[in-house]
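*Asks:* got a predicted structure plus its sequence, pasted below:
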Amino acid sequence: MTEFSGIKKRIEERKAVQKDAGDEVADFDERQINQIVQRMKGKYESQGMQFNDVSGQLAELKDIISGNDKKQFEFGGAEQLSEKSSPFVRSMGRLYRYMRGPLDAVGKIVEKFPQMKTLNYYLYSANMNYSARQWVALISIVSVLVFVFSVFGLQLLFFLLREIGARRGLVLTPLLVTLSLILPFIIGLFLSLITIIVGLLIPKSNAIQRGEACASELSFALRHMAAELRSGLGLYKTIQTIAKADYGVLSDEFSKTISEIEEGIDTKDALKHFAARTQSRQLSNALRHIIRALKSGGNLSEIMSTIAQEVSFDLQIRIREYSERLNFFGVIFIFMGIVAPVFVGVLGAIANSGLPIPISLPLSPPIIFAYFLGVMPLFMGMLAYYLFISQPRG
């Protein structure tokens, strides 16, 4: 919105200059100026730009994600989905052209979700080359497809069940028939809602994963930078070296910073953008230390060596905590994976042996099968997933 207010300001300043010069000035209509501004705003909003007020971390990237620097963040309308490299996205883009009316209606519903306030930011942070409008269009298409396929699939399933029941002489009450017709639509709406929520959370999840990937290489990259600076290389050349080195996602992010600097952005501002867009706390803190050193004139090589030691120490602490957690969960795994199955098997054999026992045990063969094939694998899967997501990643 800043650029539109700037247009109005320039027009008014020009008016004032012309008046001071004694020239004849046309009577500018304030309402016409506002209409021009609103038309321009509508044009850019149709291309996917957002003009929501942001604060805090998002405010630091407002200029980047609002379209002032289109080279850093590519915007585009939903129609451009058919030009993406992914075959799936291209097919969704072609489908959008044929069903634009209903999909736009769904998109308006999606835009009311609170996650829309940060969608642009997380798309940029996750390095996903989609505008907010394109991502909303994708979510709308997938949610509609989920609804259609779930409704038709469940309708077909209930129809087959009704046919099987009719052949066996089972007569359904009107209530059950009505329920079998309505239930697929309710389940379809529920699945579509889940699809929308998951779709809006994907950019944030990808951004967090990208931050973790950066953090895993951070200590090595900082030591590399410290060594380069001690050898007399400047900060810009050092960042170029890291961008060209094999540090994975971290090198890609430094390449973005190099591109910003080459386009005329101050080094401190480019690093500030880097710190704002990354989802890694360690990387963000390291970049802010570097920015403070640039402002105060501190020794960058010593500061980076110190930060690298702090990052390594923090990683060691988290690895030790994770190892202690593994010891506890190891006991649970032994109990649930070895002791409990043997215990249930022995009790099940006793309960189904026909021997007179004083206590009745509800361990019929179906219950035992349900435990071994359902409860135990589910618990083990949940335990393994928790240990996977809680492991230190940098």
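*Replies:* Happy to help now that I have it. Residues are numbered from 1 along each chain as shown.
*Asks:* when you work out contacts or count neighbours from here on, use the C-alpha atoms and nothing else.
*Replies:* Will do.
*Asks:* once you drop chain neighbours, what's closest to V144?
*Replies:* Leaving aside its sequence neighbours, V144 sits nearest to S192 (CA to CA, 6 or more residues apart in numbering; 6.8 Å).
*Asks:* helix or strand with the lowest mean pLDDT in this protein?
*Replies:* Within the chain, confidence by mean pLDDT, DSSP states H and E is lowest for helix 62-65 among all helices and strands, at a mean of 48.
*Asks:* sorry, back to before: what helix or strand does the residue nearest to V144 sit in?
*Replies:* helix 174-216 (DSSP states H and E).
*Asks:* pLDDT of that helix, averaged?
*Replies:* Rounded to a whole number, the mean pLDDT of helix 174-216 is 88.
*Asks:* report all helices and strands that it contacts.
*Replies:* Using 3 or more CA pairs under 8 Å, 6 or more residues apart in numbering; DSSP states H and E as the contact criterion, the secondary-structure elements in contact with helix 174-216 are helix 119-125, helix 132-167, helix 249-262, helix 281-296.
*Asks:* buried ones in the helix or strand just after the last one?
*Replies:* Going back to what we said before, that points to helix 281-296. Following the chain from helix 281-296 toward its C-terminal end, the next helix or strand by DSSP H and E is helix 300-334. Within helix 300-334, the residues that qualify as buried by neighbour count (16 or more other CA atoms under 10 Å) are 300-301, 303-308, 311-312, 315, 318-319, 333.
*Asks:* same question for stretch 250-264.
*Replies:* For stretch 250-264, burial by neighbour count (16+ other CA under 10 Å) applies to L250, S251, D252, E253, F254, S255, K256, T257, I258, S259, E260, I261.
*Asks:* and what of stretch 195-210?
*Replies:* Within stretch 195-210, the residues that qualify as buried are T195, I196, I197, G199, L200, P203, K204, N206, A207, I208, Q209, R210, counting by 16+ other CA under 10 Å.
*Asks:* ok, of the residues you listed, which one's closest to L161?
*Replies:* Among these, T195 lies closest to L161 (CA to CA), at 27.4 Å.
*Asks:* next up, the contacts around that closest one.
*Replies:* For T195, the residues meeting the contact criterion (CA atoms under 8 Å, 6 or more residues apart in numbering) are I139, V142, S143, V146.
*Asks:* now with 10 Å, please.
*Replies:* Residues in contact with T195 (CA atoms under 10 Å, 6 or more residues apart in numbering) are I139, S140, V142, S143, V144, V146, F147, L189, L201.
*Asks:* ok so, going back, now distance to Q240 too, for the buried residues of stretch 195-210, in JSON lines please.
*Replies:* Below are those laid out as JSON lines (distance: CA to CA, whole Å):
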{"residue": "T195", "distance to Q240": "41"}
{"residue": "I196", "distance to Q240": "40"}
{"residue": "I197", "distance to Q240": "39"}
{"residue": "G199", "distance to Q240": "35"}
{"residue": "L200", "distance to Q240": "34"}
{"residue": "P203", "distance to Q240": "28"}
{"residue": "K204", "distance to Q240": "28"}
{"residue": "N206", "distance to Q240": "25"}
{"residue": "A207", "distance to Q240": "23"}
{"residue": "I208", "distance to Q240": "24"}
{"residue": "Q209", "distance to Q240": "24"}
{"residue": "R210", "distance to Q240": "20"}
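*Asks:* which of those residues lies closest to N120?
*Replies:* Relative to N120, and with distances defined as CA to CA, the nearest of the buried residues of stretch 195-210 is P203, at 9.0 Å.
*Asks:* so what's the closest residue to P184 other than its chain neighbours up against?
*Replies:* The spatially closest residue to P184, leaving aside those adjacent along the chain, is V151, at 4.9 Å (CA to CA, 6+ apart). With contact taken as CA under 10 Å, 6+ apart, V151 is in contact with L145, L157, L181, I182, L183, P184, F185, I186, I187, G188, L189.
*Asks:* let's see 8 Å
*Replies:* V151 sits next to P184, F185, I187, G188 when contact means CA under 8 Å, 6+ apart.
*Asks:* what of G211?
*Replies:* G211 makes contacts with T278, Q279, S280, as judged by CA under 8 Å, 6+ apart.
*Asks:* could you find the closest non-adjacent residue to the last one?
*Replies:* Right, S280. Spatial nearest neighbour of S280, chain neighbours left out: G211 (4.5 Å); criterion: CA to CA, 6+ apart.
*Asks:* against R277, how distant is the one you found?
*Replies:* Using CA to CA, to the nearest Å, one gets 9 Å for the distance from G211 to R277.
*Asks:* mind listing what's buried in the helix or strand encompassing G107?
*Replies:* Assigned by DSSP H and E, G107 belongs to helix 100-110. Within helix 100-110, the residues scored as buried using 16+ other CA under 10 Å are R100, L103, D104, V106, G107, V110.
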